[in-house]
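coords please:
(chains A, B and C)
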Amino acid sequence: MSGRDETPWPHVTLVLGGARSGKSRHAEALVRAAGPAPWTYVATAEAWDDEMRARIAHHRAERAASGGGGWVTVDAPLDPGGALLAAPAESPVLVDCLTLWLTNLMLGGHDVDAASEVFFAALSARRGPVVLVANEVGLGIVPENALARAFRDAAGRLNQRIAARAGRVLFIVAGLPIVVK
Amino acid sequence: MSGRDETPWPHVTLVLGGARSGKSRHAEALVRAAGPAPWTYVATAEAWDDEMRARIAHHRAERAASGGGGWVTVDAPLDPGGALLAAPAESPVLVDCLTLWLTNLMLGGHDVDAASEVFFAALSARRGPVVLVANEVGLGIVPENALARAFRDAAGRLNQRIAARAGRVLFIVAGLPIVVK
Amino acid sequence: MSGRDETPWPHVTLVLGGARSGKSRHAEALVRAAGPAPWTYVATAEAWDDEMRARIAHHRAERAASGGGGWVTVDAPLDPGGALLAAPAESPVLVDCLTLWLTNLMLGGHDVDAASEVFFAALSARRGPVVLVANEVGLGIVPENALARAFRDAAGRLNQRIAARAGRVLFIVAGLPIVVK
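A predicted model of the protein is given here:
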């Protein structure tokens, strides 16, 4: 990995957790505590079916309930780094979530490494607080599906690379944080 | 969620963990340490096949080996709250486990939210120590099966709601506790 | 379990984690820090398909990059205990990983309990530092496949038995350790 930019990101918090672990809610509270509104919500989810549409609506309603009109939602299924750079300087930003972004990249046949470098460069350029949400997906039995195994590997690698540089890493269990770093 | 009773349960411990993580054994030790026998074991498992029967027998043998004749087992696949209220006042109670209870509710077509409120009311009414065992099931790859995804969501939501009010939350890894709260 | 040898292994570290959690890399760093080269790498992986061959080559390249010529690799898919006993006395040893070893035992129809006792005896006999890597596989949804459930149970049981006696247990999340013991 020589030559790669590996400078730390003290302004970045990585919030890891399983499905329905409460990681989004915890991350939203961290962003609201990090500075005054407006808070930018960079959404990577794409509403490709009814189940996903319901999840997105549910999360949006929760944000409205807890943050009033303070949230500005930006859809960025493929380029959350661009959305980061476009957000008001110094204002807190939430990216929810990296694992869906990775899904979008892989399903769309994009170059994950190249896209990661662009995103990492945006994290390095940003000054204000950034909270990143990601799923931990590697703690079950080995999936029988080869694509699922490849995805699991890519997600784990991405989480590791971000955790190594983030200033703070939390692992959420049943809505409660375990401080990893 | 306005209007909901959200008073804390300082007498309640939630023991979370994966399959074969040693969570039941750890929970049993907590109950034995919480007060003198008799200890009430509220069992939610239903022996609907040979594999399940073997698991139940295995757990029962382990309890007998470690607790002598001190355990009183109550089967409560659908209403662990009723069993909680019927147990001797002040005596320690173990409910093992919430995730199987949720399975029973969902497979039986019961109203999970209504049943949860009944159970939560029983936890609020109880004075003696209560240890609840639950599975964490959201840390693997997204299941292809829609019912499995719905179950995973419901289990995560239930764990979060209980963890928010419990006095103590432990995450068990390879038989050892990580204190979450 | 009366009569079983349950003496502790203060010289043993168990490194648990999910797929692509960075557990091997962390374990390798622990071994390099535990004493001077040569470091023995006991590999349980068998290259039964291209995907596995690629994983093995990837891990081998990472070791060469980080440890120079200091690593001596010993293949021991069925008898890591024998490899432990054959390694230079007092020198640090890494066994990567117990979960693949268990896979090899189960797929080959071997007696897991008997093989475990042989391995445990080797751990008891060894004096130098030993780092064991194992997967946590029980935190996803219940697998539909009965063999996968049996494997998950066996892996969890093995991890518990080792964790109970190891001097140190780490749970790796996104490359970072949570100290469990």
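
What are the buried residues along the helix or strand A:Leu16 falls within?
For A:Leu16, the host element (DSSP states H and E) is strand A:9-17. For strand A:9-17, the neighbour count (16 or more other Cβ atoms under 10 Å in any protein chain shown) marks A:9, A:11-17 as buried. No exception for glycine: its C-beta is placed from N, CA and C like everyone else's.

For chain A, which residues are neighbours of chain C?
Residues of chain A that fall close to chain C, judged by Cβ under 8 Å from any Cβ of the partner chain: A:14, A:16, A:18, A:136-142, A:144, A:146, A:149, A:152-153, A:155-157, A:159-160, A:162-164, A:169, A:171, A:178, A:180-181.

thinking again about what came up before, what lines up beside the strand holding A:Leu16 in the sheet?
Sheet pairing for strand A:9-17, assigned by DSSP bridges, gives strand A:130-135 (parallel), strand A:166-173 (parallel).

With mean neighbour count and mean pLDDT as extra columns, can I get the ones you listed in TSV?
What follows is the strands paired with strand A:9-17, written out as TSV (neighbours: other Cβ atoms under 10 Å in any protein chain shown; pLDDT from 0 to 100):
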stretch	mean neighbour count	mean pLDDT
strand A:130-135	26	98
strand A:166-173	23	98
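
count of neighbours near A:Thr7?
The tally of other residues near A:Thr7 (other Cβ atoms under 10 Å in any protein chain shown) stands at 10.

any idea how far it is from A:Ala121?
From A:Thr7 across to A:Ala121, the span is 11 Å (Cβ to Cβ, to the nearest Å).

Ok, A:Leu85 next?
Counting by Cβ to Cβ, the gap from A:Leu85 to A:Ala121 is 9 Å.

do the same with A:Pro92
In terms of Cβ to Cβ, A:Pro92 sits 20 Å off from A:Ala121.

Please say which of the two ends up with more neighbours.
Taking other Cβ under 10 Å, A:Pro92 and A:Ala121 do not tie; A:Pro92 has more neighbours (24 against 14).

List phi and psi for the residue sitting furthest away from the middle of chain A.
Residue farthest from the centre of chain A, counting by Cα atoms, centre = their mean, is A:Glu144 at 26.4 Å. Taking degrees, to the nearest 10, you get phi -70, psi -30 for the backbone angles of A:Glu144.

count of residues packed around the closest residue to it other than its chain neighbours?
Sequence neighbours aside, C:Asn145 is the residue nearest to A:Glu144 in space, at 7.7 Å (criterion: Cβ to Cβ, 6 or more residues apart in numbering or on different chains). Neighbour count for C:Asn145, taken as other Cβ under 10 Å: 12.

Any idea what the nearest residue to A:Leu98 once chain neighbours are set aside is bridged to?
Distances taken as Cβ to Cβ, 6+ apart put A:Ala134 closest to A:Leu98, at 4.2 Å, once the chain neighbours are dropped. Bridge pairing for A:Ala134 (DSSP bridges) gives the partners A:Leu16.

which residues of chain A fall in strands?
A:9-17, A:39-43, A:71-75, A:93-96, A:130-135, A:166-173, A:176-179 (DSSP state E).

so can I have JSON lines of the ones you listed showing distance to C:Pro129?
Output for the strands of chain A, formatted as JSON lines (distance: least, Cβ to Cβ, whole Å):
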{"stretch": "strand A:9-17", "distance to C:Pro129": "29"}
{"stretch": "strand A:39-43", "distance to C:Pro129": "45"}
{"stretch": "strand A:71-75", "distance to C:Pro129": "50"}
{"stretch": "strand A:93-96", "distance to C:Pro129": "40"}
{"stretch": "strand A:130-135", "distance to C:Pro129": "33"}
{"stretch": "strand A:166-173", "distance to C:Pro129": "27"}
{"stretch": "strand A:176-179", "distance to C:Pro129": "27"}
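
helices and strands of chain A: which one has the lowest mean pLDDT?
helix A:50-67 (a mean of 81; mean pLDDT, DSSP states H and E).

Please work out which residues outside that helix touch it.
Helix A:50-67 is contacted from outside by A:24-25, A:28-29, A:32, A:37, A:39, A:41, A:43, A:45-47, A:71, A:73, A:96, B:146, B:149, using Cβ atoms under 8 Å, 6 or more residues apart in numbering or on different chains.

buried ones in that helix?
So helix A:50-67, judged by 16+ other Cβ under 10 Å, has buried residues A:55-56, A:59, A:63, A:67.

quick revisit: using neighbour counts, trim the contacts of helix A:50-67 to the buried set.
A:24-25, A:28, A:32, A:39, A:41, A:43, A:45-46, A:71, A:73, A:96, B:149.
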